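Colleague: Sharing a sequence plus its predicted fold:
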4 protein chains.
Amino acid sequence: MSKMMKAAVFVEPGRIDLREKPIPDVGPNDALIRITTTTICGTDVHILKGEYPVAPGLTVGHEPVGTIEKLGSAVTGYHEGQRVIAGAICPNFNSYAAQDGYPSQDGSYLAHQGGCGCHGYLATAGWRFGNKIDGAQAEYLLVPDAQANLAPVPDGLSDEQVLMCPDIMSTGFKGAENANIRIGDTVAVFAQGPIGLCATAGARLLGATTVIGVDANPHRLDMARKWGADVVLNTNDCDVVSEILRLTGGRGVDSAIEALGRQSTFESALRVIKPGGTLSSLGVYSDDLKIPLSAVAAGLGDHKINTALCPGGKERMRRLMNVIQSGRVDLTEMVTHRYALDDIGEAYDLFANQRDNVLKVAVRPAG
Amino acid sequence: MSKMMKAAVFVEPGRIDLREKPIPDVGPNDALIRITTTTICGTDVHILKGEYPVAPGLTVGHEPVGTIEKLGSAVTGYHEGQRVIAGAICPNFNSYAAQDGYPSQDGSYLAHQGGCGCHGYLATAGWRFGNKIDGAQAEYLLVPDAQANLAPVPDGLSDEQVLMCPDIMSTGFKGAENANIRIGDTVAVFAQGPIGLCATAGARLLGATTVIGVDANPHRLDMARKWGADVVLNTNDCDVVSEILRLTGGRGVDSAIEALGRQSTFESALRVIKPGGTLSSLGVYSDDLKIPLSAVAAGLGDHKINTALCPGGKERMRRLMNVIQSGRVDLTEMVTHRYALDDIGEAYDLFANQRDNVLKVAVRPAG
Amino acid sequence: MSKMMKAAVFVEPGRIDLREKPIPDVGPNDALIRITTTTICGTDVHILKGEYPVAPGLTVGHEPVGTIEKLGSAVTGYHEGQRVIAGAICPNFNSYAAQDGYPSQDGSYLAHQGGCGCHGYLATAGWRFGNKIDGAQAEYLLVPDAQANLAPVPDGLSDEQVLMCPDIMSTGFKGAENANIRIGDTVAVFAQGPIGLCATAGARLLGATTVIGVDANPHRLDMARKWGADVVLNTNDCDVVSEILRLTGGRGVDSAIEALGRQSTFESALRVIKPGGTLSSLGVYSDDLKIPLSAVAAGLGDHKINTALCPGGKERMRRLMNVIQSGRVDLTEMVTHRYALDDIGEAYDLFANQRDNVLKVAVRPAG
Amino acid sequence: MSKMMKAAVFVEPGRIDLREKPIPDVGPNDALIRITTTTICGTDVHILKGEYPVAPGLTVGHEPVGTIEKLGSAVTGYHEGQRVIAGAICPNFNSYAAQDGYPSQDGSYLAHQGGCGCHGYLATAGWRFGNKIDGAQAEYLLVPDAQANLAPVPDGLSDEQVLMCPDIMSTGFKGAENANIRIGDTVAVFAQGPIGLCATAGARLLGATTVIGVDANPHRLDMARKWGADVVLNTNDCDVVSEILRLTGGRGVDSAIEALGRQSTFESALRVIKPGGTLSSLGVYSDDLKIPLSAVAAGLGDHKINTALCPGGKERMRRLMNVIQSGRVDLTEMVTHRYALDDIGEAYDLFANQRDNVLKVAVRPAG
């Protein structure tokens, strides 16, 4: 296995280039996947811009769809040629963190280096592809802990049908799962990018009966309606906090989901939840957050704030593909543009600049 | 029932005076309690200082122990002369909020007045005694929704044994209950005043096996050991965040309980919880809070922040008195000083200035 | 208020007759409702047949839709003429049971009479209408604990749209809520009568992606498809247990909901749940149940069995009406036949004999 | 590694003999443990008697304490010579079952062979040691999935202090965890053998304030008091159901834990739980179970029945050893007798016949 493959590699801030790299060797617990479709995440754009640091030379990307090329000697129950996906977060389920209920956080426990007074939390924990190890924007991807992470794609589902499962759908749905939704709830989802749209779909899937989609982009609000919002509010057209309180008769929403990562949306989300309500946060923040005293009743409102990192693992992927297969949620329209891996530079350009109403791009090594 | 009684009344900032007031009339769902023992809460001191506004003329106090003097016509299953307590928060369990799972928040739902852009949350919701209606630092107390709120004191328990149940113990234990404690957890409790001490006792009662008590006051740290802390840390002697990370091998604690209401303790609590951990907040804050980006892994740490208002109701009180009766937790030493109601001015003076290692004072109308 | 009204009264086994009765007096916590629409439940048929004993002379029925005729002096926030429903189970939310989290069970706690070795559980606990007090198949209904139980009907919803909320929908949805459903689950619902159909709709509403409806009646299986079943199985056409295990690749379903009350369905439900799975039981059983050793892995399968009594209260009703109003679930087709109260004898005859594919009948005092 | 070791081997019903066996080879994900202390479980007695079938030639035992002799090539973070334990249930945490939340059930999912109409549940699922693979009553034990299952013993804890962690304590505590215990609960524990005693200790550890221990053996009831029972009831001295209802004022207990595996205790446990209460079952049953109609309010009592298999994994073991280390629970007195491995025949004889108030025996290969 000394052959070479093409891979999209972080070179320096501003540059992700296609390079030749050796196809990796396969250890006993690994699997080598031939990528058939992958995509670009907002996080990859942060890497491109140098806002999120990764090692120069690292292959980026964390959303793989492909076929098994080679299995490690200790991996059983799969066969070569089988179509699979793996989660963007690819945990070691043998870890303390996983057994404690937080598989995505493996790598962060026991990580403190001491002396610094900080928490010692290593960057984004269980996220390995395109962060700590080579990622999915390549012809081949080495999947560690393959026994735990390879999820067979059911017959009849296309690559694009399952392309959102590894990250966008798993994250967005987790936002809904973290929101403590009960039958008859009203849920507001702040920001309707791909993750927010999945949170909207997830909130509806879990029994919320009034889902309020919030964004500043009319196209995304149209998409929000398509994926399950009952009401959409454009932040340019109204004071969203007042409007939501008006819509709920002053009661506030049962839960709000934050899917942008800004102070403004975080704060608005806090201001619209009822006493006893939940703010489920999906945002990746880049600044300290402020909790206004009045938004949390001085600490006496029985409020809950839950944050999340995208869940991974084959059981999670199996469940998300069940949702797709059942037809409950159809995310294929989220793929708005398609590129060959050779043209991934163009794909980054379009996606980073959010042109042409792009939601997600499909990137195919085979063209 | 046109007789008069003595009551500690808020007059103006800086003045709570004993006054004569009519003993209140009893409506069909009320009960009139003759107070035998009550106490002063930190919140009462905020009222005294004018930091928390109440109407001039209001009787303060929300921690009643007494006997039933008269029952409303629709209240059944009790008898006059029966010894009872009632929670500091005295909810209307018929409300939407209560049926939704948040009885303490009744009065805050449907409360928005519109136009202001704020949440519309009315001050501290279901807290009525000494806030919205006359309170317990008096010879008599009118309990609304008595059927839901009168809790008989089991034979053999003294007034002082149950005096902490209405507020301090209910709040502190709620902090432990909100901390998602599992067998074998490590829990840090920030601040060891009466509520923090009860949170310490509650965390131990729920199965935490390493309880870390934090305070700046050596006497309170001694008390923390008495009520269940395995380790105590004085914030004057060490960097508590670093020390807790060291004690936990860099892993962080499973949960932290904040029992002071300051940015510094809130922030330290966030910094010591593991990824996946819970910050259970009991503090009544007086300023906006800051969440440092590094303390929450930029939003990706699967962290949970839960706030709480003291639970009330007769079932809650019954359970807390069970704890006392079983001997699992003994809070009688928390009563460090005793006063007649006639001398409540002295009691406020001692308590407000935290002299003489005061924890809680017992105040007795009968002297 | 000494006027008379018509009411369907249990006379003796085999006879429910229309009788004249005085319109009841209204106490301080009551409300008098003028019934506009009600319906007949399977339980009423058990009463008719003498299989479930009630006092002769009692008005039967527990599913009220109507308008407020008169409010008790202590009931606030409603107005006469307002359209309301009340749950079939009409709890006293001031009770210990309600504060403990089980409002439907009030009346059963503290009920043991001693000596008999039995549990002392009083028949069906919090169920009062048509069981312990006069019920809804009448021109007027007295609602106790009205502050907790009157639920205003949103404008725009017809009587028949909300007619299932008090019992059938609340019970069926509780079956789904008790099934621990997570996104991507497979859920089997045994029996597709009105409650089973609502359980089917509820399981889908909560995120189950494969809902399997089981019954012996082809018409009901057609209805199951309409209300959300992805797959239907006729017990006359296959061995349902084997077929479900085959459909799930031998894994079993995540949850099964029993909605009939027979040993055969209870046992089949147990046999198809996965290790770790949940059996949510809604059935009212008339014989002892058997748990086959092999169905529960000798007690080692991490199985859960949950039973339920229909939830009531105005917040529950509000949430269920939210579901109707949102259009997520439309139960109007469940009303297959309509009768005037004067013709309720005919309605019982049709319903008791399950003729003409009847699901539910609407009964209107005004004709 | 072709050396030989001594092992207690199931030969045929009635015979477990010490035999020489090759010390096993170590695969990449395995670890070889030199056993320093192990014990005999009631299940081993069932194997001995032929009541639970295992393959002739299998080494029995599933409660290992030892030191790492050799690590597989893919196992990291441990060192040879390190003192460790492993759970009696030794799950593959990469499995679907584990990721679904039921690691102990791995091996039972996807196990159906078809045609038989049974559930297809393979005997006791994730239990491997002394069931599907060679067990711990030997000089050496091969631990599969070692990365997930090896739990280092904290310095200062003796073998006997942690000897109950792998099975008895993990199972008994799971019974308490499955009982939905809240502060102030009353919990009855039926049967006070080693597992029931641990359930008693666990119920107390989780905040139950009245723990009622039930057994027919006065010595075990004395032990129950030692490990946390507030009240003990001898089934030979009273009608336990009536007595518990009397003690709880007719209300019933919040939860009951069944730790024997008989119809009589299962049924009594059902009869004493309150409406809304939980029966947490730990028993391994050998016959079909009956649920009396009157014990479950005909299915309408909001009752919950939870069964369990002993949890394993290094995080579980870590937490249980935390409990021991904290001094909250001390199980060393549970070791009533000690034997060399060479004398394990005597140990079985004593334990199988429950002579001399034996609770648990320690067996040491080194003598």
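Modeller: Yep, it's here.
Colleague: Would you agree residue A:221 is in contact with residue A:236?
Modeller: No. No contact is recorded between residue A:221 and residue A:236 when judged using CB atoms under 8 Å, the distance being 10.5 Å. Quick note: C-beta positions are derived from backbone N, CA and C, even for glycine.
Colleague: any idea how far the one residue in the stretch 1-150 of chain A that gets nearest to chain C lies from chain D?
Modeller: For the stretch 1-150 of chain A and chain C, the shortest gap (CB to the nearest CB) falls at residue A:77, measuring 12.7 Å. According to CB to the nearest CB, to the nearest Å, residue A:77 stands 9 Å off from chain D.
Colleague: what does residue A:131 give?
Modeller: For residue A:131 relative to chain D (CB to the nearest CB), the value is 20 Å.
Colleague: Same question for residue A:355.
Modeller: Applying CB to the nearest CB, the value for residue A:355 to chain D is 39 Å.
Colleague: same check, this time on residue A:72
Modeller: If you measure residue A:72 against chain D using CB to the nearest CB, the figure is 9 Å.
Colleague: Just give me the neighbour total for that residue.
Modeller: Other residues lying near residue A:72 total 22 when counted by other CB atoms under 10 Å in any protein chain shown.
Colleague: Checking residue A:350 next. Helix, strand or coil?
Modeller: Judged by DSSP: H, G, I helix; E, B strand; the rest coil, the three-state class of residue A:350 is helix.
Colleague: thought it was touching residue A:358?
Modeller: Yes. Taking contacts as CB under 8 Å, residue A:350 lies within contact range of residue A:358: 5.6 Å.
Colleague: who touches both of those two?
Modeller: Both residue A:350 and residue A:358 are contacted by residue A:337, under the criterion CB atoms under 8 Å, 6 or more residues apart in numbering or on different chains.
Colleague: where does the residue in the stretch 201-350 of chain A that chain D sits nearest to land in three-state SS?
Modeller: Closest contact between the stretch 201-350 of chain A and chain D, by CB to the nearest CB, is at residue A:315 (3.5 Å). Here residue A:315 is recorded as helix under three-state DSSP.
Colleague: quick one, what contacts it?
Modeller: Residue A:315 makes contact with D:96, D:99-100 under the criterion CB under 8 Å, 6+ apart.
Colleague: Let's see that with 10 Å instead.
Modeller: Contact analysis of residue A:315 by CB atoms under 10 Å, 6 or more residues apart in numbering or on different chains lists A:93, A:148, A:151, C:184, D:95-101.
Colleague: Among those residues, which lie within helices?
Modeller: Secondary structure defined by DSSP state H assigns A:148, D:96-99 of the contacts of residue A:315 to helices.
Colleague: Turn these into JSON lines, columns for neighbour count, pLDDT and distance to residue D:65.
Modeller: Putting the ones in helices among the contacts of residue A:315 into JSON lines (neighbours: other CB atoms under 10 Å in any protein chain shown; pLDDT from 0 to 100; distance: CB to CB, whole Å) gives the following:
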{"residue": "A:148", "neighbour count": "30", "pLDDT": "97", "distance to residue D:65": "28"}
{"residue": "D:96", "neighbour count": "21", "pLDDT": "95", "distance to residue D:65": "31"}
{"residue": "D:97", "neighbour count": "26", "pLDDT": "95", "distance to residue D:65": "27"}
{"residue": "D:98", "neighbour count": "28", "pLDDT": "96", "distance to residue D:65": "24"}
{"residue": "D:99", "neighbour count": "26", "pLDDT": "97", "distance to residue D:65": "29"}
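Colleague: Now flag whichever of those residues is closest to chain B.
Modeller: Lowest distance from chain B to these (CB to the nearest CB) belongs to residue D:99, with 15.9 Å.
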